[in-house]
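Chemist: Below is the structure, and that's it, no one-letter string:
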């Protein structure tokens, strides 16, 4: 075959020479897509990262994964669109109060068949709209039946269409072990949503779900991922991009510290790649037990920052809790600065001499900048200007660091510093 | 001397052109970069106009520098070739570790340029949108028009060849076009772009998806534009929806909040069946909330073994693996125990294995869970489950492994050493043998571990000998 557009580079090209577009969609599919994407939009995860390097082979199939995710678009809500994120169906036998798809909700319902999802995925992928598929579903008939349907989509994509793109499957906690095993053979990532930070909250808002079975299925996914990794190259693959989960924030009264300690439990027990925090968005026709206000986006943002501190900056929940008397993160101050202000005795820190662990504690210095500092300071004594060119956020760091030609004003009182930083960061917010 | 025409270079032709000069160690400042051809000529004060090109010596560049230069070559700026030369020269003749010093102005510049090119490449991978069309002969082909910030068509096209090896596609840009025919990529010089294929009907579906997946309660246009700047919007089919989503979305959300139709949700469409009845979680121990350990554990781990077992073995609490799998003594400590069984002439299948505390107590250490000894309160809270097991199994002898098990069984704290020296019985009269917990054997140094191991085997033998009088 020759590439049909070679002649596009020739200047005289008439419209009539152009091939005709291919039409292959129905109104019905569009209606379902609108309903089932809308139903899936409350799931925060859209990551396409963590998959092994993989390419479709010449002659059949398509797709590739590089380990690094790609966001193919961004919607006006600021979130990335990486995968085709849809439900197979939004019919559901559960009645979780916070969920738009609960059985008592008065929303339009739809159900895709397996073939429709496969075709949509392939035609979107072929046009480079997406990195792959994130498929979830309401529970119909039984947990096992629903899981089988999800798996069938993944199986068709992988086996019949040699699809090498990214697949993320939602795992139904009550589904049988064999089904989870099969799901992991086809999917890059599996996820079971913990939904709410405490089991009390889950019990009252999602009476049919149990923390027990959610945790148990996370445990079994973890064990299978570990086994597959320990098996080396020859072992059958199982969810190479690991597992993730989501917690809804602000639908019930758990404090930020409770939320974070649940997250730490999940990270260390089940080796999660990510815990997603999803600010509760009011849903149509919701129960009066839920707040009807804008989603607490700043709270969600602070939780992500704290989550990063726990995973990459050597902080522990206990340490953060000490700097937060109320148990909640300070909305007007990032958690690292809040912690640093509560621990002023540890500062200032000399960027030219202190160890990495200490530098990680400085507000305004991130992991990447610290890497550059450590590399660069072997060749020179770092000055204010150097730090600037290395990318440090000096506006925040300036109160906490010493450089070759710089040290913070020592006489500034704790109160004043607090006020000054709060003002600075408020100015950043707007 | 002169290195001619920077704009005509590709990375490879630049490399070929500069190599002799670089190998000879000519300074960047001594070179004049001149438009016109792809060749390098010498022309400077200390060199004859037609000075002979230096012979190419051996020239090796560090791999990091090579890949950095490849990216810099894409950076859309007329002086990049000169800059690349200077950078390469400095690494070769001034400081081989120059790139490790990101505070150096040249390196800082290179890092910035490199980042810009890589970001642009990433955006190309993300934002190229193909339109499908079929030729008269039925072949399906794909076309995309893309306007990159930098000259990244060549490296960018490789990604698409890998991703869509079996599709015929063309990506046209203002700098030229790349076409893949399922075997090789051809590059074409830029010309006036003719008509593009008319809209692909899937773009309509894609817009529908884009509208539906946007959560209008979270409108945040600046976050969107940070990652998807306006200059890309021209060639994104979904971008037509942005304005209306921003406008209508905010209005729709406000209306919903005002509506306050909060309470009057209908249950009319509810499906009657619920899984709740079908899947009652295992009652009893799995729902135990007598202490707080359940909160951070996966499950309660019950004892395991025949109900007719004569020997019951009580450990401290499940470990990491036991917690995940829901079975006692299957981790490293379980292996030590298995070896001890064998040495003592016992079979694991004949013994009832359980723990004083049924939930795993731990604290986070990095990404792992570190075992933490249960407190007396937790041991007491859990006692009822242990007593239940003893009641059900009615063992002839109980082996307590470690201090926590002793506390659980005797109600008072004793060290293993003192307990081993005593003849102990439960209040019910069942003889109790104290021994070391296999985990403490694992923690001990080689010498002590051997002693403890022997003690454990001896204690197991002792337990088994206590069975003898009963037959």
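Modeler: The structure has been received and is ready for your questions. Just so we're clear, the structure is a prediction, and the values are computed from it rather than from any experiment.

Chemist: where does chain B have its least confident helix or strand?
Modeler: Lowest by mean pLDDT, DSSP states H and E among the helices and strands of chain B is helix B:275-278, with a mean of 33.

Chemist: How far off centre is the helix or strand just after it?
Modeler: Following helix B:275-278 in sequence order, the next helix or strand is strand B:311-315 (DSSP states H and E). Centroid separation for strand B:311-315 versus its chain: 40 Å, with C-alpha atoms, centre = their mean, to the nearest Å.

Chemist: After strand B:311-315, heading C-terminal, what element do we hit next?
Modeler: Remark: after strand B:311-315, the chain's next helix or strand is helix B:320-325, criterion DSSP H and E.

Chemist: Any residue of that next one touching chain A?
Modeler: Yes: judged by C-beta under 8 Å from any C-beta of the partner chain, helix B:320-325 comes into contact with chain A at B:323-325. C-beta: built from backbone N, CA, C; applies to glycine.

Chemist: closest to chain A among the residues you listed?
Modeler: The nearest member of these to chain A, counting by C-beta to the nearest C-beta, is residue B:324 at 4.1 Å.

Chemist: Was I right to think the closest one contacts residue B:298?
Modeler: Yes: counting by C-beta atoms under 8 Å, residue B:298 is a contact partner of residue B:324 at 6.0 Å.

Chemist: What are the buried residues along stretch B:293-302?
Modeler: For stretch B:293-302, the neighbour count (16 or more other C-beta atoms under 10 Å in any protein chain shown) marks B:293-294, B:296-302 as buried.

Chemist: show me the contacts for residue 402.
Modeler: Just so you know, I chose chain A. A:348-352, A:408 (C-beta atoms under 8 Å, 6 or more residues apart in numbering or on different chains).

Chemist: actually chain B
Modeler: Residue B:402 is in contact with B:315-316, B:416, B:436-437, B:439-440, counting by C-beta under 8 Å, 6+ apart.

Chemist: and what of residue B:340?
Modeler: Residue B:340 is in contact with B:438, B:453, B:456-457, B:460, counting by C-beta under 8 Å, 6+ apart.

Chemist: Map the structural domains onto the sequence of chain A.
Modeler: Under the assignment automatic domain parsing, the domains of chain A span A:25-248, A:335-429.

Chemist: got CSV for these, with mean pLDDT and distance to residue B:111 too?
Modeler: Shown next, in CSV, are the domains of chain A (pLDDT from 0 to 100; distance: least, C-beta to C-beta, whole Å):
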stretch, mean pLDDT, distance to residue B:111
domain A:25-248, 92, 19
domain A:335-429, 87, 8
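
Chemist: returning to that earlier point: among the buried residues of stretch B:293-302, which ones lie close to chain A?
Modeler: Near chain A, by the rule C-beta under 8 Å from any C-beta, you find B:296, B:298-299 out of the buried residues of stretch B:293-302.

Chemist: all helices of the stretch 351-471 of chain B, in order?
Modeler: B:376-393, B:402-410, B:416-420, B:438-443, B:446-467 (DSSP state H, counting those that start in this stretch).

Chemist: So which of the ones you listed is the most surrounded?
Modeler: Sort the helices of the stretch 351-471 of chain B by mean neighbour count, taking mean count of other C-beta atoms under 10 Å in any protein chain shown, and helix B:402-410 sits at the top with a mean of 24.

Chemist: returning to that earlier point: among the domains of chain A, which is the most enclosed?
Modeler: domain A:25-248 (a mean of 21).
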